[in-house]
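Trainee: Starting from these lines, generate the structure:
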Amino acid sequence: MTEARPTGAASASLWERDEEVAAVVRAVDTLCADGTSSGGLLMIRGEAGFGKTALLAETRRIAEQRGCAVWSARGGQTLRSVPFHVVRQLLQPALLSLLPEEVREYLGDWYDIAGPALGIAEPGERRADPQGVTDGLVTAVRRLARRDWPLVLLIDDAHWADQETLRWLAAFAERLDELSVLVVVARRPGEVSGESARLLDAVAAAAGRPATTLSALTPDGTAGLTRATLGEHADGPFCREVWAVTAGNPYETVELLAKVRDSELEPTEGAAGELRALNRAARGGGLVARLEELGIDATRFAWAAAILGNDISVDLVAKLATLDREDARRCAELLRSARILTAPDPANTQADGTDLEFVHPLIATAVYESIPPALCTAMHGIAAQVVTDSGLGAAAAARHLLQVHPDDDEELVEQLREAAREHLAVGAPDAARRCLERALLEPPAPEVHARVLYELGCATLLTAPAKTIAHLQMALAMPGLDGAERVDAVFRLSQALLHNDQLEEAVRTVEAEAARHEPGPTRMRLQAVQYMWEGVHAGEATSPGRSQRLAELARTCTGRDNSERALLILRGFDALTHGENAEEVVELCDRALVNGRLAPGLGWTDSEWGVELLMMLAASYAYTDRLDRAESLYTEALRAYETAGWSGGHLALAHAYLGLGHRRRGRLGEAETSLRESLRLAERVGRGLPLYWSATCNLVDTLLARGHVDEAWAISEQYGFAPPYPSTIVLPDPRSVRGRLLLAVGRTKDGINELEAAEKAAAVRGHHNPVLVPWAGDLARALATEDPGRAARLATDLRRHAERLGTDTAIGEALRCAAALETGQRAVRLAAQAVTYLEASPCQYEHAAARVEYGILSRSVTELNRGLALARSCGADGLVTEATAVLRGLE
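Mentor: Okay, here's the model as predicted:
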């Protein structure tokens with residue numbers, strides 16, 4: 001290691017950091033070399049005082065010398081509960097430098113989604129989707145990066161960053177290959193756990209290289225720094241004692257040497273014994289004693305600054321410390337002179353009135369921890385009022401309210417409820433949860449207690465269904481929830497139970513609530529919800545005679561309100577799954593529409609009914625050969641979710657069903673693209689959910705149709721497409737699809753077993769739709785050799801169910817199966833009939849397969865060429881290969 005003093009503007013804290021600085025130089029040079037180069041990420045790890053901040057400052061200097069734009073932000077120990085705090089620091093200066101219309105132009109459709117989280121736009125009426133906000137923030141930086149290339153982002157003290165920022169940072173880091181941006185993140189090891197630790201690990205993994213871990217100064221390095229600071233006459237024993245006292249911590253070394261210089265202590269062996277006392281004065285209790293020497297006003301000022309956190313305004317500190325403006329300015333100057341506070345670096349100054357910051361996070365921590373606990377709590381309470389009175393809003397005051405001791409304060413409960421609403425509006429449900437959980441500790445007054453529990457249950461619905469269940473069950477057991485609010489609580493409780501894989505309990509919950517009400521709209525809505533959850537249940541029927549009761553109830557519905565429309569959709573879907581006549585299914589679904597469109601209040605982003613009902617409606621059209629209507633609904637869902645910024649589970653499901661529509665239509669390449677995007681989105685939400693199964697099942701089905709058997713198997717293995725299956729219905733039936741997959745990879749016995757399991761599961765539920773649950777055709781073909789009698793019976797039953805359903809696709813597929821079991825001219829005649837039906841079907845892949853099979857059986861070059869053309873247009877590579885091989889043989 002070198003003992004020479006770092007050159008230029010480099011800080012003494014960069015002593016022995018040559019390798020780290022060189023890595024920064026290389027990264028910046030790579031960024032500046034080519035505007036099309038991929039981005040990079042440097043993760044710097046180091047204990048407190050090891051020079052992370054100094055290295056980031058040097059990164060700024062190096063980057064700015066090369067003409068880079070540099071944006072920076074830092075986490076704060078007392079600010080971790082403030083959502084989007086760090087990412088706001090990072091982006092706000094750049095955004096506020098633009099005219100409002102320029103910001104809108106850069107952010108485009110994402111302005112209304114990400115703008116509220118960044119504090120540059122008012123939130124809309126609907127709660128923001130957290131994943132959508134994250135994606136909006138990623139897009140915002142991507143678009144601004146193109147304007148400000150070369151761009152360097154610096155994030156200090158990331159271990160103290162809020163969870164919402166870390167979620168954005170992890171998502172952004174994944175996309176750096178597509179961007180020309182350098183991100184440098186500094187953090188301490190440890191200091192964080194749970195979700196925040198997972199997100200920081202994801203950021204580090206995206207770097208593609210090991211984190212830079214800063215080490216303590218060596219004894220030789222400490223000696224070099226000591227002599228560079230105090231003079232070459234500093235002797236060896238003195239230098240060794242500096243190292244021993246500070247353990248090589250660069251910050252403590254620099255501070256200690258400043259103390260030595262200020263005290264005019266001679267750097268000789270004789271004075272080395274005084275170093276420990278000087279070092280104690282610069283940290284911990286010594287710092288507190290030094291602070292007290294500045295006077296009670298300065299101490300109160302420093303305490304107030306520590307309470308407020310990173311962005312310290314003299315005016316706000318004065319109000320919190322109950323000092324007049326002149327006294328406050330005097331105290332600020334004293335604390336600057338004592339190297340406790342400092343003016344912020346102009347390069348980092350935010351447009352928010354920040355006047356001061358602590359010299360180092362270690363000092364901020366020591367000052368905060370020196371505040372007597374009772375006084376600290378009281379000061380947080382006062383700070384909340386100061387922040388509120390300053391017009392910064394309930395959400396800004398919330399982090400202080402969270403620190404106040406419970407005291408039956410009804411006003412505090414209302415403030416926390418308002419803060420929770422503000423957090424939800426910008427896409428921060430975890431922050432809302434913390435506010436409402438704290439409100440419950442106050443506790444709320446009896447008349448509002450149930451409402452607070454209800455609000456908490458709504459806030460945790462998508463992130464913690466088990467907790468939601470407990471909150472909503474308690475809320476419903478208390479007085480205070482009545483009318484529509486109570487019904488909505490029951491509905492959300494049933495949703496949480498569904499997400500928690502407690503579907504039977506969800507059904508019982510809604511059924512019990514419905515029994516409490518007299519006949520009328522409320523009871524009808526609850527009955528509809530009950531039938532909806534029973535309809536998506538993949539196990540045994542929850543109640544005997546369900547379909548008959550649903551049919552009788554739907555018979556009385558004209559579609560005059562959304563409860564009746566819901567029942568008509570549910571009856572249509574029930575009829576579809578049982579394989580009833582397709583025309584009747586379509587007629588029921590059509591009655592649920594208003595002039596051919598979804599009714600107001602029954603749209604894709606309306607929360608009263610949930611997405612499941614509309615997916616049932618669209619599926620009913622898709623599997624009755626009304627693909628134009630199904631695709632219109634799927635496209636409308638996708639557009640609605642993208643416009644609203646819902647890029648989590650809802651968008652994943654929309655892509656999955658759009659892929660299903662493409663698959664049914666025979667656009668296999670487009671289907672694969674949509675389904676891979678659905679799976680990518682579903683991965684972010686979490687494995688095991690119904691939407692995850694929908695994406696995986698449809699992708700495997702599509703790859704099999706394309707003839708990409710190895711890919712289908714790889715997807716199956718990678719994403720766990722195997723038993724046990726979910727408790728909710730997945731379309732198409734996953735057992736049937738997996739059975740077909742097993743047959744395709746040569747595991748015939750396993751495939752037959754899987755298809756027989758599909759047969760039994762369908763029989764239990766009375767699901768006889770041969771297109772929705774397509775096990776029969778594959779099982780008949782698989783049994784053709786070893787058990788031709790059973791295969792023939794299966795084909796006969798398949799034909800009967802297909803004719804009952806009455807769609808061209810179902811009948812054509814049944815005829816294809818029958819032809820596969822026959823030989824000679826009978827097989828040719830059946831294949832020809834299959835072509836006739838499937839030619840009239842909108843399902844072009846099945847038509848292509850029927851053409852190729854007919855051409856092979858009839859040895860017709862014309863039919864094979866027609867089938868080959870259809871297969872190519874569908875992207876069915878396996879069919880193309882098969883037809884081409886047969887044509888060569890015929891020629």
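
Trainee: tell me the centre residue of this structure?
Mentor: residue 131 (4.0 Å; CA atoms, centre = their mean).

Trainee: What residue, apart from its backbone neighbours, is nearest that residue spatially?
Mentor: residue 648 (3.5 Å; CB to CB, 6 or more residues apart in numbering). For glycine as for every other residue, the C-beta is placed from the backbone atoms N, C-alpha and C.

Trainee: ok, that neighbour - contacts?
Mentor: Listed by CB atoms under 8 Å, 6 or more residues apart in numbering, the contact partners of residue 648 are 129-132, 462, 681, 684-685.

Trainee: So it versus residue 682, what's the distance?
Mentor: According to CB to CB, to the nearest Å, residue 648 and residue 682 sit 9 Å apart.

Trainee: picking that back up, where does the residue nearest to the centre of the chain sit, in terms of helix or strand?
Mentor: helix 130-148 (DSSP states H and E).

Trainee: mean confidence score for that helix?
Mentor: Mean pLDDT, helix 130-148: 88.

Trainee: Against which helices or strands is it packed?
Mentor: helix 85-96, helix 100-107, helix 111-118, strand 151-156, helix 163-174 (3 or more CB pairs under 8 Å, 6 or more residues apart in numbering; DSSP states H and E).

Trainee: now the ones you listed as CSV including mean neighbour count, mean pLDDT and distance to residue 70?
Mentor: CSV is the format used below for these (neighbours: other CB atoms under 10 Å; pLDDT from 0 to 100; distance: least, CB to CB, whole Å):
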stretch, mean neighbour count, mean pLDDT, distance to residue 70
helix 85-96, 22, 90, 10
helix 100-107, 15, 86, 19
helix 111-118, 24, 90, 19
strand 151-156, 24, 95, 5
helix 163-174, 24, 93, 16
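
Trainee: tell me the contacts of residue 694?
Mentor: So residue 694 contacts 653, 656-657, 660, 678, 730-731 (CB under 8 Å, 6+ apart).

Trainee: The host helix or strand of it: how far from the chain's middle?
Mentor: Using DSSP H and E, residue 694 sits within helix 690-706. Distance of helix 690-706 from the chain centroid (CA atoms, centre = their mean, to the nearest Å) equals 22 Å.

Trainee: ok, back up a step: next one: the residue nearest to residue 131 from residue 680, what distance?
Mentor: 12 Å.

Trainee: ok, the nearest residue to residue 449 once chain neighbours are set aside - how many residues close by?
Mentor: In space, and not counting its chain neighbours, residue 449 is closest to residue 478: 5.9 Å by CB to CB, 6+ apart. By other CB atoms under 10 Å, 14 other residues sit near residue 478.

Trainee: Give me the pLDDT value at residue 478.
Mentor: Note on residue 478: pLDDT of 93.

Trainee: and it, how far is that from residue 485?
Mentor: 12 Å.

Trainee: what does residue 367 give?
Mentor: 46 Å.

Trainee: higher neighbour count, those two?
Mentor: Using other CB under 10 Å, the more surrounded residue of residue 367 and residue 485 is residue 367, with 22 against 14.

Trainee: what angle separates the host helix or strand of that one from strand 151-156?
Mentor: Assigned by DSSP H and E, residue 367 belongs to helix 361-370. Put simply, helix 361-370 runs at 40 degrees to strand 151-156, going by axes from the mean of the first three to the mean of the last three CA atoms, to 10 degrees.

Trainee: Format the CA atom coordinates belonging to helix 361-370 as PDB.
Mentor: Provided in PDB are the C-alpha atoms of helix 361-370 (Å, rounded to 0.1, in the frame of the first residue of the first chain):
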ATOM      1  CA  PRO A 361     -23.800   9.100  10.100                       C
ATOM      2  CA  LEU A 362     -21.800   7.900  13.100                       C
ATOM      3  CA  ILE A 363     -22.300  11.400  14.700                       C
ATOM      4  CA  ALA A 364     -26.000  11.400  13.800                       C
ATOM      5  CA  THR A 365     -26.400   8.000  15.400                       C
ATOM      6  CA  ALA A 366     -24.500   9.100  18.600                       C
ATOM      7  CA  VAL A 367     -26.500  12.300  18.900                       C
ATOM      8  CA  TYR A 368     -29.800  10.500  18.400                       C
ATOM      9  CA  GLU A 369     -29.000   7.800  20.900                       C
ATOM     10  CA  SER A 370     -27.900  10.300  23.500                       C
END
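
Trainee: With only the CA atoms kept, save whichever helix or strand residue 809 is part of in CSV.
Mentor: Using DSSP H and E, residue 809 maps to helix 808-821. Provided in CSV are the C-alpha atoms of helix 808-821 (Å, rounded to 0.1, in the frame of the first residue of the first chain):
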residue,chain,number,x,y,z
ASP,A,808,-67.0,-26.8,-34.4
THR,A,809,-63.8,-27.1,-32.4
ALA,A,810,-65.1,-29.7,-30.0
ILE,A,811,-66.7,-31.9,-32.7
GLY,A,812,-63.7,-31.6,-35.0
GLU,A,813,-61.3,-32.6,-32.2
ALA,A,814,-63.5,-35.6,-31.3
LEU,A,815,-63.5,-36.7,-35.0
ARG,A,816,-59.7,-36.3,-35.1
CYS,A,817,-59.5,-38.7,-32.1
ALA,A,818,-61.9,-41.2,-33.7
ALA,A,819,-59.9,-41.1,-37.0
ALA,A,820,-56.6,-41.8,-35.1
LEU,A,821,-58.2,-45.0,-33.7
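
Trainee: who does it touch, helix- and strand-wise?
Mentor: helix 775-783, helix 788-805, helix 824-839, helix 844-858.

Trainee: repeat that for 10 Å
Mentor: Other elements packing on helix 808-821 under the criterion 3 or more CB pairs under 10 Å, 6 or more residues apart in numbering; DSSP states H and E are helix 582-591, helix 775-783, helix 788-805, helix 824-839, helix 844-858.

Trainee: Could you name the residue of the protein that is farthest from its center?
Mentor: residue 270 (61.3 Å).

Trainee: can you tell me which residues contact that residue?
Mentor: By CB atoms under 10 Å, 6 or more residues apart in numbering, residue 270 lies in contact with 235, 237-238.

Trainee: packing partners for the worst-scoring helix or strand of the chain on mean pLDDT?
Mentor: Sorting the helices and strands of the chain by mean pLDDT, DSSP states H and E puts helix 284-293 at the bottom, at a mean of 74. Contacts defined by 3+ CB pairs under 10 Å, 6+ apart place helix 284-293 against helix 275-281, helix 296-308, helix 361-370.

Trainee: where are the low-confidence patches of this protein?
Mentor: Within the chain, the stretches with pLDDT under 70 are 1-11, 281-286, 310-311, 345-354, 462, 538-544.

Trainee: Would you map the strands across it?
Mentor: Listed from the start of the chain, the chain has strands (DSSP state E) covering 40-45, 69-74, 151-156, 181-187, 212-213, 341-342, 357-358.

Trainee: Out of those strands, which is the most enclosed?
Mentor: Among the strands of the chain, strand 181-187 has the highest mean neighbour count (mean count of other CB atoms under 10 Å), at a mean of 26.

Trainee: Let me know the distance separating residue 174 from residue 680.
Mentor: Distance from residue 174 to residue 680, by CB to CB: 10 Å.

Trainee: Helices of the stretch 551-700 of the chain, residue ranges please.
Mentor: 562-577, 582-591, 611-622, 627-644, 649-665, 668-685, 690-706 (DSSP state H, counting those that start in this stretch).

Trainee: now do the same end-to-end measure for stretch 172-191.
Mentor: One end of stretch 172-191 sits 23 Å from the other (CA to CA, to the nearest Å).

Trainee: quick one on the thing from earlier: my guess is the residue nearest to the centre of the chain contacts residue 427, does it?
Mentor: Yes: applying CB atoms under 10 Å as the test, residue 131 and residue 427 come out as touching, 8.4 Å apart.

Trainee: Identify the contacts common to these two.
Mentor: By CB under 10 Å, 6+ apart, the residues touching both residue 131 and residue 427 are 167, 645.

Trainee: if we can go back for a sec, out of the contacts of residue 694, who's nearest residue 749?
Mentor: Among the contacts of residue 694, residue 730 lies closest to residue 749 (CB to CB), at 24.2 Å.

Trainee: Lovely, talk soon.
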